[in-house]
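S.K.: I need the structure of the sequence given here:
(2 chains)
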Amino acid sequence: MSTTIKIKHLNQYYGRKQALKDVSLTIRTGMFGLLGRNGAGKTTLMKVIATLLPKSEGTVSVCGRSTQSAGEVRKIVGYLPQEFSMYPNMTVYEAMDYLGVLSGLGKAERRERIKELLERVNLTDDRRKKVKALSGGMKRRLGIAQAILHDPKVLIVDEPTAGLDPEERVRFRNLLCEIAEDRIVILSTHIVGDIEATCEDIAVLDEGSVIYQGTVPDLVSMTEGKVYSAQISKRELELLKKDYIVTSMLTLGNNVMARFLAEEKPFSSAKLCEAGVEDAYMYLMHMERGIPE
Amino acid sequence: MFGRLFVKECKQTVKSLVYWVIVLILIFDFTSQLGDTEIARKPEPGQEEYGYKSSHDPELIMKSVLGELTEEYYRESYTTYPIGFYKNVTLNEEDDRRIAGILKEAAGIDGREAAGQMVEDWYALQQETGTLGAAGEEIHREPLKVDPAEGLTYERFGELMDEADEILGGGSDYCKEYRENSAKVAMTYEDALEEYKTLTEKDRLTGGYARLFSDYMVIFLGILPVFLSVTRGLRDRRAMMQELIYTRRCSSFTIVVSRYLAMTVMLVLPVLIISLVPYLNCVEYAQRAQISIDNLAFVKYTFGWLFPTIMVVTAAGMFLTELTDTAVAVLVQGAWWFVTVFGGIGRLGGGMYGWSLAPRHNTELNWQGFHDGFAQLAANRLFYTAAALILTGLSVLVYSQKRKGRLKIRGKILANRKSKSEA
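M.R.: Just a heads-up that it's a prediction; the model follows:
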């Protein structure tokens, strides 16, 4: 069986609004990041892959199965939506067991898988807790556990780290990386740090179009020699913002340490820096919309 | 997978607060209406009264029907049951004149004033004889009887009443089916003994009481199941579980039908348990009176009479909730129930079941009426069973479309409301 997701010329419409424009992607085993601002079309794309939305035009095949055969695709896909919960009055174990039945798992198999997964997401001690009593981070971990309950070949997670504290976020990313060892994990996010820490292959979506597909190092290499930093006054910062893409700022008394993108060294005090994913992402987004003149 | 899911859904139902409220209402319904019902004793000679029975005496039928027509004509309001449902009819001037003409020919009553005089006289007489209380509340109403016009044959009477029924749109008290059952006369000891024998021999006691039990339970079962199906339907959305469930391999048929079956089974279960009380009363009486009973009568009536109502109300609630993702089914079912309950008022005695969602038979007696109306009742119950199955099938269809991202009616309703409020 194929272990890739192939999307060809996918167009998606909501009434007259086009949410996805001629999207073509090939996604292989491992972590795949979908990056883009809110409303870029990431959730729409993930819902099409998860058979929650019928595609308008194009073809989508998940491990050799067309999304038109929704039942076949659902057997091999696990999904963690952006906004989710479970029946609040069920215990963690009951909720998992219910979804296990819906996934077609037998009693013994459910018992074994739930035990194993709760251990993996560190919720074994909370298995008798009601879902409504879980913290945001615990709910997210439970979300991952339910999504891989039936051992899917593809795991789709939509904005999974939103609202998590830094420690939970790191733990969650590590968990996703472990899961991605033997399956496709598609991680959708607008948080560049999540992608940087977990994904090798990524696609960047903007207004429904794929504006980049490749590896993270290749994306970063686009901005090599173009990232500078300089300590400037607050008044000079306004002028800098007009001419360059400022990717970060650190206030130092009356001055500011600014990090910005420029095609060539803009002034003598500017120092060339090592490019990061965030710089590359900002560069890419502004390339699409035009660098400030 | 179906069986496992069915058990899970039953457990979810048992843990639902709405379910236990429904159970409590059913228990309240039973205890308040039937809790102190005594099993009918064998009539003894010399009793003060033995109740009433229908009469097929043409003279009496004419008097009763004309009394009813006089009263309704005077009040300018007619009760009808076209296709089995209650309808209040108010006539236009032309039709009102036609009814006046019929009343004049049939009873010699000329105009509304004359009709009013007769109704007022009858009302005053009722108060004098103590059949109406001081505040006008009914103690034991002796219906208004109006003598037919001199020389009116029963055949001509029938023609006139058919015409009146046609003017009223059908299903009125003047159609052949109803008018022939309109006359009531006091029963004699022999009549009462005959009725008791019918109850204990033909109905084997439990048959009559199972009908009476069904009569009271069907009223609440015509509305309560909708609350269960609506809360179940909305639970996934409220718990943000929809997408988690939609992406599972389980088929839409298995999900929807297992839920439906769990709800209907869990609703019929308390009814069966409650029915043990009247059943045990019957058993006790039968042992003392040395009569044989039908031990399965309550089970038969629960599934034959009540279950189709549970099925269709649950299915209608489920379908509308799946379709709209709102609680609109409660309003729809509330309206349907209201019409049904009012529609049943004129048919409490049984035998005239029509197409009512909640067929009534408010007596342990009237086996003959049940027997005569059985074909209609069976058609009624089969119709609602079929309707329930169709609605369940449609729910499966709607659910499977929603899983594929289609039929987002709730989104459209909200968008429409939003755009209107913005405008």
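
S.K.: sketch out the low-pLDDT regions of the chain for me.
M.R.: The chain I'm using is chain A. A:1, A:289-293 (pLDDT under 70).

S.K.: that was the other one, I meant chain B.
M.R.: Using pLDDT under 70, chain B drops low at B:83-86, B:130-141, B:343-346, B:409-423.

S.K.: could you chop it up by domain?
M.R.: What automatic domain parsing lists as the domains of chain B is B:2-42+B:204-418, B:52-186.

S.K.: can you redo these as TSV with mean neighbour count and distance to A:Glu264?
M.R.: All C-beta spots, glycine's among them, are computed from the backbone N, C-alpha and C. As requested, these are exported to TSV (neighbours: other Cβ atoms under 10 Å in any protein chain shown; distance: least, Cβ to Cβ, whole Å):
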stretch	mean neighbour count	distance to A:Glu264
domain B:2-42+B:204-418	19	48
domain B:52-186	16	85
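
S.K.: what ranges does the stretch 151-300 of chain B have for its strands?
M.R.: B:184-186 (DSSP state E, counting those that start in this stretch).

S.K.: for chain A, what's the nearest residue on it?
M.R.: Nearest residue of the stretch 151-300 of chain B to chain A: B:Arg248, at 3.9 Å (Cβ to the nearest Cβ).

S.K.: next one: that residue from A:Arg127, what distance?
M.R.: Distance of B:Arg248 to A:Arg127, given as Cβ to Cβ, to the nearest Å: 21 Å.

S.K.: closest residue of the stretch 1-150 of chain B to chain A?
M.R.: For the stretch 1-150 of chain B, Cβ to the nearest Cβ, closest residue to chain A: B:Arg4, 4.8 Å.

S.K.: run the chain-centre distance for stretch A:121-131.
M.R.: Distance of stretch A:121-131 from its chain centroid, counting by Cα atoms, centre = their mean, to the nearest Å, is 26 Å.

S.K.: and that stretch, what's buried?
M.R.: A:121, A:123, A:126-127, A:130-131 (16 or more other Cβ atoms under 10 Å in any protein chain shown).

S.K.: contacts for it?
M.R.: With contacts defined as Cβ atoms under 8 Å, 6 or more residues apart in numbering or on different chains, stretch A:121-131 is touched by A:85-93, A:95, A:114-115, A:118, A:134, A:138-139, A:141-142, A:144-145, A:175.

S.K.: residues near the closest residue to the residue of the stretch 151-300 of chain B closest to chain A other than its chain neighbours, how many?
M.R.: Nearest residue to B:Arg248 in three dimensions, chain neighbours excluded: A:Leu102, at 3.9 Å (Cβ to Cβ, 6 or more residues apart in numbering or on different chains). By other Cβ atoms under 10 Å in any protein chain shown, 24 other residues sit near A:Leu102.

S.K.: list the contacts for A:Leu102?
M.R.: B:5, B:245, B:248-250, B:255.

S.K.: from B:Arg403, how far out is it?
M.R.: According to Cβ to Cβ, A:Leu102 stands 12 Å off from B:Arg403.

S.K.: beta-bridge partners for the residue most central in space within chain A, please?
M.R.: By Cα atoms, centre = their mean, chain A has its centre lying nearest to A:Ser188, at 2.2 Å. With DSSP bridges as the criterion, A:Ser188 is bridged to A:Leu34, A:Asp158.

S.K.: contacts only, for it.
M.R.: Here A:Ser188 is in contact with A:33-34, A:42-43, A:45-46, A:82, A:156-159 (criterion: Cβ under 8 Å, 6+ apart).

S.K.: B:Pro43: which of those residues is nearest?
M.R.: A:Gln82 (74.2 Å; Cβ to Cβ).

S.K.: helices along the stretch 1-150 of chain B, start to end?
M.R.: B:2-14, B:17-34, B:58-75, B:93-107, B:111-128 (DSSP state H, counting those that start in this stretch).

S.K.: right, is the second one up against chain A?
M.R.: Looking back up the chat, that one is helix B:17-34. No. Figure legend: helix B:17-34 not in contact with chain A (Cβ under 8 Å from any Cβ of the partner chain); closest approach 9.7 Å.

S.K.: for that helix, give me every contacting residue.
M.R.: For helix B:17-34, contacts defined as Cβ under 8 Å, 6+ apart pick out B:13, B:212-213, B:216-217, B:219-221, B:224-225, B:227-228, B:231, B:266-267, B:270-271, B:274, B:277-278.

S.K.: and it, how far out from the chain middle?
M.R.: Using Cα atoms, centre = their mean, the offset of helix B:17-34 from its chain centre is 18 Å.

S.K.: still on that earlier bit, in CSV: the domains of chain B, plus distance to A:Leu164.
M.R.: Converted to CSV, the domains of chain B look like this (distance: least, Cβ to Cβ, whole Å):
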stretch, distance to A:Leu164
domain B:2-42+B:204-418, 17
domain B:52-186, 58
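
S.K.: neighbours of B:Thr198, how many?
M.R.: For B:Thr198, the count of nearby residues is 17 (other Cβ under 10 Å).

S.K.: how about the residues of the stretch 301-423 of chain B by chain A?
M.R.: Going by Cβ under 8 Å from any Cβ, the residues of the stretch 301-423 of chain B near chain A are B:403-406.

S.K.: alongside chain B, which residues does chain A contribute?
M.R.: Counting by Cβ under 8 Å from any Cβ, chain A sits next to chain B at A:47, A:50-54, A:70-71, A:74-75, A:77-79, A:81, A:83-89, A:97-99, A:101-104, A:107, A:146, A:150.

S.K.: so which of these belong to strands?
M.R.: A:77-79 (DSSP state E).

S.K.: roughly how far does the nearest residue to A:Ile114 once chain neighbours are set aside sit from A:Tyr87?
M.R.: Leaving aside its sequence neighbours, A:Ile114 sits nearest to A:Met96 (Cβ to Cβ, 6+ apart; 4.7 Å). Here A:Met96 is placed at a distance of 11 Å from A:Tyr87 (Cβ to Cβ).

S.K.: so these two - more neighbours on which side?
M.R.: A:Met96 (24 against 20).

S.K.: my read: the more buried one touches A:Ala147, true?
M.R.: No. The pair A:Met96 and A:Ala147 does not pass the contact test of Cβ atoms under 8 Å, sitting 10.9 Å apart.

S.K.: now the stretch 101-250 of chain A against chain B: closest residue?
M.R.: A:Leu102 (3.9 Å).

S.K.: contacting residues for the residue nearest to B:Leu193 when sequence neighbours are not counted?
M.R.: Nearest residue to B:Leu193 in three dimensions, chain neighbours excluded: B:Pro43, at 5.4 Å (Cβ to Cβ, 6+ apart). By Cβ under 8 Å, 6+ apart, B:Pro43 lies in contact with B:50, B:189, B:192-193, B:196.
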